[in-house]
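1. Structure for this input, please:
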Amino acid sequence: MDLEKDTYKTITKPSREILFKDKGSKFFGYAFPVTNEEQIKAHIDELKTNHHQARHWCYAWQLGKRYEHYRANDDGEPNNSAGMPIYGQLQSFDVTNVLVVAVRYFGGTKLGVSGLINAYKTTAQMALEASKIVTKTINRNFLLTFEYENMNKVMRVIKEQDLNIVKQDLALNCNSEIEVREKEAERIYGIFEGIYGVEIKELTD
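-> Predicted structure coming up:
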């Protein structure tokens, strides 16, 4: 992943259910937005409950704004015939924080490894095509602390630089949490650091 890049693609809501058929086998495909492995497990468990008579629940996921983490699972299908073809579609669509699951009902006729690869790849592709893919920026969050008398200075910079205020507390001491696109972060930090009476510190997860 290009470290200079400060955008990533993802989906914001689950896809509709899609269906791919081949030689009597049915493959139901789903794409879900996810941010952690607990959510992934919950979606897979739910599909296993909803499709309790299915034969296989194969999946792949990618996590991290820089596409750092991924996993592919064949769930009993021949090695690399299911999970990796699904993961290949996550790469092809260039998305992250996404789980794609293909649920297979066996139709009585074996598809062979090449047939399985095609079926799982196509199911994943259809699920992602049925999803709304959006581009998001990678942001860094900063906390601004200042006296009320510096409010106008701070707000002027926020307006001029078109910054997003995540939350603010304007009681005795003023606190504003701002979100800054990563490639602008150092420059914005420098602007606020140069305002007398304003403290700025980066917030980390």
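2. tell me, how many neighbours does Tyr30 end up with?
-> Tyr30 has 24 neighbouring residues, counting by other CB atoms under 10 Å. Where you see a C-beta, it was placed from the backbone N, CA and C, and this is true even at glycine.
3. any idea of the pLDDT on the spatially most central residue of the chain?
-> The residue lying closest to the centre of the chain (CA atoms, centre = their mean) is Asn97, at 2.2 Å. The predicted local confidence for Asn97 comes out at a pLDDT of 98.
4. That one: what's it in contact with?
-> When the contact criterion is CB atoms under 8 Å, 6 or more residues apart in numbering, the partners of Asn97 are Tyr8, Thr10, Pro33, Val34, Thr35, Gln62, Leu63, Gly64, Lys65.
5. Buried only: go through those for me.
-> Tyr8, Thr10, Pro33, Val34, Gln62, Leu63, Lys65 (16 or more other CB atoms under 10 Å).
6. residue ranges for the strands of the chain, please.
-> In order along the chain, the chain carries the following strands (DSSP state E): 7-11, 18-22, 25-33, 56-63, 69-73, 98-105, 133-137, 139-146, 164-170, 174-181, 198-203.
7. lowest-confidence stretch among these?
-> Among these, strand 164-170 carries the lowest mean pLDDT (a mean of 90).
8. Would you mind writing the CA trace of it as CSV?
-> The C-alpha coordinates for strand 164-170 follow below in CSV (Å, rounded to 0.1, in the frame of the first residue of the first chain):
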residue,chain,number,x,y,z
ASN,A,164,-14.2,19.3,10.4
ILE,A,165,-15.0,19.8,14.1
VAL,A,166,-15.6,16.3,15.6
LYS,A,167,-16.8,17.6,18.9
GLN,A,168,-16.2,20.7,21.1
ASP,A,169,-16.7,21.7,24.7
LEU,A,170,-16.9,25.5,25.1
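9. between it and strand 198-203, how many degrees?
-> Inter-element angle recorded for strand 164-170 and strand 198-203: 120 degrees (by axes from the mean of the first three to the mean of the last three CA atoms, to 10 degrees).
10. What residues are bridge-paired with Ala72?
-> Beta bridges link Ala72 to Ala60, judged by DSSP bridges.
11. Span of stretch 50-61 from start to end?
-> 20 Å (CA to CA, to the nearest Å).
12. Please enumerate residues in contact with it?
-> By CB under 8 Å, 6+ apart, stretch 50-61 touches 28, 34, 40, 44, 47-48, 70-77, 82-84, 86-87, 89-90, 98-106, 120, 124.
13. Among those residues, the buried ones, what's the PyMOL command?
-> The following PyMOL line selects those of the contacts of stretch 50-61 that are buried, judged by 16+ other CB under 10 Å:
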select buried, resi 28+34+40+44+47+72+73+74+75+77+82+83+84+86+87+89+90+98+99+100+101+102+103+104+120+124
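14. Which residue comes closest to Asp94 once chain neighbours are left out?
-> The spatially closest residue to Asp94, leaving aside those adjacent along the chain, is Lys9, at 5.2 Å (CB to CB, 6 or more residues apart in numbering).
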